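In: The sequence isn't on hand, but the structure is:
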């Protein structure tokens, strides 16, 4: 099972294996973990591991090594529901678990459920072709610039699982062409613990991109929660998607067909944990955006947010209410998404950006008084701020796979958690502070140039078609 972070941080590793080791350029003391909860951040400053891409020490927690350790420690069952899995080390750990006699089952998003080594790049869309090229580079273990058939087969995680006969389904197993996104990112181990968070199980999501030594992977976190009650909730969500497994009766359920329940509450150690699995119809008052709005409205002193996608006008409106009530707001957003025309980050900055058709989004409501506490962190080219967390009043952590978008609430298979733990909140606040220290606040030069170009091109813009839905396209989340 996952070793305690304090023990891992204390290890000094002189070999070439990828384990936690000496902290680079940091003397910060280690924060204690809450009972039965551990949290890891792949970019944090007071931990380090040897990168499997470069062999060099780098700051951050090794999420892959921790996942493998949890799988290796399993005794009975490993259930995996994750959008994308391309790390062969995790695939090999799952195969070894099955070979030890464990039940191993995997649910994937249909876009990523086929072996990449069997794909023809000329038949792929641009985004998928770029992904294929990155995976080819990662598989080229001898670094000769040519990925042999043997290297490709050994580096293809889904191909390895398929070849070993590990049972897998995707979101077409219900007989449809797929849900919005199977966007979950969780493992259930032995019905007693859950690993979940914001990270996809890919090199780009954890370590960095092949051939780009400056990258350190998308900025992510992972939680390990030890609780049979919580594991039971996640296992039930898994079973709704799994049905009777591959083939059979098409009784798997994804998206709205799952008829997801409202929030459910369990105790993990001394922390109260609320769990909501998406999606829900818009008419359901317990859908994810309403639930998030309720959590934000409870804030009395402060709200910190680190978000990949923020495209829900409803939540931007709630934040404005909280600002007027004197609540301190800090937001760091992914630089790539912050300046999109549908981004609510623009509302908080008090600006409106027409889209490529020179249309302003329906119901767009930029703040009259822009917030000062809004920024985008400086990241290596290719890396994304992929967190989806908030810290409320230094006591409650909102996290999960759930981007703050209508797609997450009404279309995708998602996890949303509210963990009421001041001790856990300290860890997320420290991560927020780290990102804040490097953030460009307000209207960045990049955004200013974009606004000026659209002003010249579009003038003042015109309101969007009242009949056109806003913020509903799952493609806006680029399947991340």
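Out: Sure, I can see it. Quantities reported herein were computed from a predicted structural model and do not represent experimental measurements.
In: Can you list the residue ranges for helices in the stretch 1-150 of the chain?
Out: 5-10, 63-72, 88-99, 126-139, 149-155 (DSSP state H, counting those that start in this stretch).
In: just those: most buried one?
Out: helix 63-72 (a mean of 22; mean count of other CB atoms under 10 Å). (C-beta placed from N, C-alpha, C; glycine too.)
In: tell me the angle of that one relative to helix 88-99?
Out: 0 degrees (axes from the mean of the first three to the mean of the last three CA atoms, to 10 degrees).
In: In three-state terms, label residue 217 for me.
Out: When classified by DSSP: H, G, I helix; E, B strand; the rest coil, residue 217 comes out as coil.
In: cool, residue 187 as well?
Out: Applying three-state DSSP: residue 187 is strand.
In: ok, it - how many residues close by?
Out: 26 (other CB atoms under 10 Å).
In: mind listing what it touches?
Out: The contact partners of residue 187, taken as CB atoms under 8 Å, 6 or more residues apart in numbering, are 67, 70-71, 78-82, 194-196.
In: Among those residues, which one sits closest to residue 184?
Out: Nearest to residue 184 among these, counting by CB to CB, is residue 81 at 4.3 Å.
In: Can you get me a residue count around that closest one?
Out: 26.
In: cool, residue 433 as well?
Out: Residue 433: 11 neighbours (other CB under 10 Å).
In: do the same with residue 272
Out: 14.
In: List the single closest residue to it in space, sequence neighbours excluded.
Out: residue 420 (4.4 Å; CB to CB, 6 or more residues apart in numbering).
In: what are the bridge partners for that neighbour, then?
Out: Residue 420 has these beta-bridge partners by DSSP bridges: residue 272, residue 396.
In: picking that back up, in JSON lines: the helices of the stretch 1-150 of the chain, plus mean pLDDT and distance to residue 438.
Out: JSON lines is the format used below for the helices of the stretch 1-150 of the chain (pLDDT from 0 to 100; distance: least, CB to CB, whole Å):
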{"stretch": "helix 5-10", "mean pLDDT": "39", "distance to residue 438": "22"}
{"stretch": "helix 63-72", "mean pLDDT": "98", "distance to residue 438": "21"}
{"stretch": "helix 88-99", "mean pLDDT": "98", "distance to residue 438": "30"}
{"stretch": "helix 126-139", "mean pLDDT": "90", "distance to residue 438": "25"}
{"stretch": "helix 149-155", "mean pLDDT": "94", "distance to residue 438": "33"}
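In: Kindly reformat those helices as a markdown table containing distance to residue 355.
Out: Output for the helices of the stretch 1-150 of the chain, formatted as a markdown table (distance: least, CB to CB, whole Å):
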| stretch | distance to residue 355 |
| --- | --- |
| helix 5-10 | 44 |
| helix 63-72 | 35 |
| helix 88-99 | 39 |
| helix 126-139 | 20 |
| helix 149-155 | 39 |
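In: Minimum distance to residue 305: which of the ones you listed has it?
Out: The nearest among the helices of the stretch 1-150 of the chain, by CB to CB, is helix 63-72 at 21.5 Å.
In: Which other helices and strands does that closest one contact?
Out: helix 88-99, strand 185-189, strand 193-197, strand 221-226 (3 or more CB pairs under 8 Å, 6 or more residues apart in numbering; DSSP states H and E).
In: closest one to residue 57 among those?
Out: Per CB to CB, nearest to residue 57 of these: helix 88-99, 18.7 Å.
In: Now do the contacts for the residue nearest to residue 272.
Out: Counting by CB under 8 Å, 6+ apart, residue 420 has contacts 271-274, 395-396.
In: and of the helices of the stretch 1-150 of the chain, who's closest to residue 244?
Out: Here helix 88-99 is closest among the helices of the stretch 1-150 of the chain (CB to CB), at 18.6 Å.
In: Below-threshold pLDDT in the chain: ranges please.
Out: Residue ranges of the chain with pLDDT under 70: 1-28, 460-480.
In: tell me the domain boundaries of it?
Out: 5-115+156-242, 260-473 (automatic domain parsing).
In: Pipe those into a markdown table and attach distance to residue 133 per row.
Out: Listed next are these as a markdown table, based on distance: least, CB to CB, whole Å:
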| stretch | distance to residue 133 |
| --- | --- |
| domain 5-115+156-242 | 9 |
| domain 260-473 | 13 |
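In: Quick one, which of those gets closest to residue 253.
Out: Closest among the domains of the chain, using CB to CB: domain 5-115+156-242, at 4.9 Å.
In: For the stretch 301-450 of the chain, just list every one of the strands.
Out: Assigned by DSSP state E, counting those that start in this stretch, the stretch 301-450 of the chain shows strands spanning 302-307, 328-333, 359-360, 374-377, 388-392, 396-400, 414-420, 439-441.
In: right, and those strands - which one's nearest residue 256?
Out: The nearest among those, by CB to CB, is strand 414-420 at 12.2 Å.
In: quick one, the closest one and strand 388-392 angle?
Out: Using the same axes, to 10 degrees: strand 414-420 against strand 388-392 is 20 degrees.
In: and strand 414-420, how far out from the chain's middle?
Out: 12 Å (CA atoms, centre = their mean, to the nearest Å).
In: Next: stretch 216-227.
Out: 9 Å.
In: Please apply the same query to stretch 401-410.
Out: Remark: stretch 401-410 is offset 11 Å from the chain centroid, using CA atoms, centre = their mean.
In: Endpoints of that stretch, how far apart?
Out: Counting by CA to CA, to the nearest Å, you get 14 Å between the two ends of stretch 401-410.
In: which residues are in contact with that stretch?
Out: 83, 180-181, 183-186, 196-198, 256, 278-282, 287-289, 292, 307-312, 315, 344, 388, 414-416, 470-474, 476-477.
In: And these, which of them are buried?
Out: Buried members of those, counted by 16 or more other CB atoms under 10 Å: 83, 180-181, 183-186, 196-198, 256, 278-280, 287-289, 292, 307-312, 315, 344, 388, 414-416, 471-472, 474, 476-477.
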